[in-house]
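Enquirer: Could you work out the structure for the sequence below:
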Amino acid sequence: MVQRNTSREYVRTFFTSPTAVEEDDTAKMLRKAGELRGMQAPDVWVPDNEDATAPSMRDEGIENIIDVISEHGQDFPGEIHPRMVWHRDDPETRRQGFEHMMQLAGSDEDVIEHIDGFVIPEVGSLDDWKKADEFITMVEAEHGLEEGSLSMSPIVESGEAEIAMSRLNDEIGKHSNNLERLFLLVDGEVDYTKDMRAMTPTGAQPPWAELRHNTSRAASASGLIAVDGPYDDIRDVKGYRQRMTDNRAKGMLGIWSLTPGQVVEANKAPLPAEEGSYLLEIDGETVELDRVDEGYHEYTGDDVELEELGDGTYRLRIGQDERELDEDELHQELLDQTQYVMSMDDYVDSMEEFEEAKAGGKGAISMTRTATLILDGTEVQVTRDRMWDEATYQAAQTPVSLFQEVYEARPDQQDELEDMYGEDVVDRAMQVG
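Expert: Predicted structure coming up:
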């Protein structure tokens, strides 16, 4: 794997805010973003001097960035990566973006000390990525900055850029470029849809699962971080959560956030659950059972019926599927139809138990989890046995390592995390692994 300049291993949230708006205080939105703290504050804040800001106001937007970051940059808890104008087919736009970067780096207020890098939109072939890299290198040289100290995060908004990602691993580290400065690979599905001339019957944007997979794969191969594009329906919290769940299954942790509310959702979503829960599959839909007591989980809807018929026989209906089962068959059916979502406490308990066993010379152990499911008023005990070995332990370590990194990197979120999990669980979570 190539060596990159940044030490950050994760980004959950990529939050953009316009640099200038048509109000008396044109920096109003920018200033509000700079004051965000705790779970409302993103890991990466992007003062957006491109799409979010009208072309006629972009010069003023740069002045606003200077004013706001000089005031709030020192205390902002995340990284700051302004989005500059750029376009693979327009030299004049690229020149403007270069001049704006020079202006930020050369400001009397020394705001460049608080700027971690630049977001570069509308990139094309790999040669275009190298042009942006060269411009940033010139900015560093002109203003006495260490070469490679400013990162670069391209937004993938074209087929050209998608193809370029597949070649990154061969180019990063060559003496002819400074592409080690690359940090995030960000999907921009709206412009990508336009570039691909894609159409759907309803006019809705295609899901572009392949693009998200390719971005995650390129990030993994090149030691970078993948970030999904914006989810425009800001009221659809359920859909936003589902998008993040789908992304994490692809290895893509980060997502664009358009509002502080989306930032909160995206900051919390990748972290282990506060409490363990059981999920039940009903006609292709996943339903979470209510936790009514320690070890007891109840389904309260109308799509499940369970009746004890006598002689150890049960009639079970889940959705449209109905069958008669004996006790063993019922147990197996419920194991097949349910999944358990581990809590932070579950992860820590299991990891501690495995670490103790490994210290005692054991390479693998069996762990048992028993719970009582309440379905249609009938209680059924289910028991799951899982074999833990080193590979299982390493897989469990991924979400806990993320928590550890978040806790250390974001002191402004520590109180909220301790409220979520409890101080004892947090203390133990910081010790395992």
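Enquirer: use CA for all of it now, contacts and neighbours both
Expert: Will do.
Enquirer: residues touching the nearest residue to Val304 once chain neighbours are set aside, list them.
Expert: Nearest residue to Val304, sequence neighbours excluded (Cα to Cα, 6 or more residues apart in numbering): Ile318, at 4.6 Å. When contacts are counted by Cα atoms under 8 Å, 6 or more residues apart in numbering, Ile318 touches 282-283, 303-305.
Enquirer: Show me what counts as buried in stretch 96-106.
Expert: Judged by neighbour count (16 or more other Cα atoms under 10 Å), stretch 96-106 contains these buried residues: 96-98, 100-106.
Enquirer: Off-centre distance for that stretch?
Expert: The chain centroid and the centroid of stretch 96-106 are separated by 29 Å, computed with Cα atoms, centre = their mean, to the nearest Å.
Enquirer: what's it in contact with?
Expert: Under Cα under 8 Å, 6+ apart, the answer for stretch 96-106 is 59, 62, 66, 84-86, 111-112, 135-136, 139-140, 143.
Enquirer: Can you tell me how far the residue nearest to Val304 is from Leu335?
Expert: As defined by Cα to Cα, to the nearest Å, Ile318 lies at a distance of 13 Å from Leu335.
Enquirer: One more: Ala395?
Expert: 22 Å.
Enquirer: Same question for Arg37.
Expert: From Arg37 to Leu335 the distance is 42 Å (Cα to Cα).
Enquirer: Then Met84?
Expert: Counting by Cα to Cα - Met84 and Leu335 are separated by 52 Å.
Enquirer: tell me the contacts of Asp195?
Expert: Counted by Cα under 8 Å, 6+ apart, Asp195 has contacts 157-159.
Enquirer: Same check on Glu9?
Expert: Applying Cα under 8 Å, 6+ apart, the residues contacting Glu9 are 225, 405.
Enquirer: 7 Å instead, please
Expert: If a contact means Cα atoms under 7 Å, 6 or more residues apart in numbering, then Glu9 has no contacts.
Enquirer: Kindly list the main-chain dihedrals of it?
Expert: phi -100, psi -10 (degrees, to the nearest 10).
Enquirer: show me where the stretch 101-250 of the chain has helices.
Expert: 126-142, 159-165, 168-171, 189-196, 209-222, 237-248 (DSSP state H, counting those that start in this stretch).
Enquirer: Least reliable of these by average pLDDT, please.
Expert: Lowest mean pLDDT of the helices of the stretch 101-250 of the chain: helix 168-171, a mean of 92.
Enquirer: would you put the C-alpha positions of it in CSV?
Expert: What follows is helix 168-171, C-alpha atoms only, in CSV (Å, rounded to 0.1, in the frame of the first residue of the first chain):
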residue,chain,number,x,y,z
LEU,A,168,-4.0,5.8,-8.9
ASN,A,169,-2.2,3.0,-7.2
ASP,A,170,0.4,3.0,-10.1
GLU,A,171,0.9,6.8,-10.0
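Enquirer: Many thanks, I have nothing further to ask.
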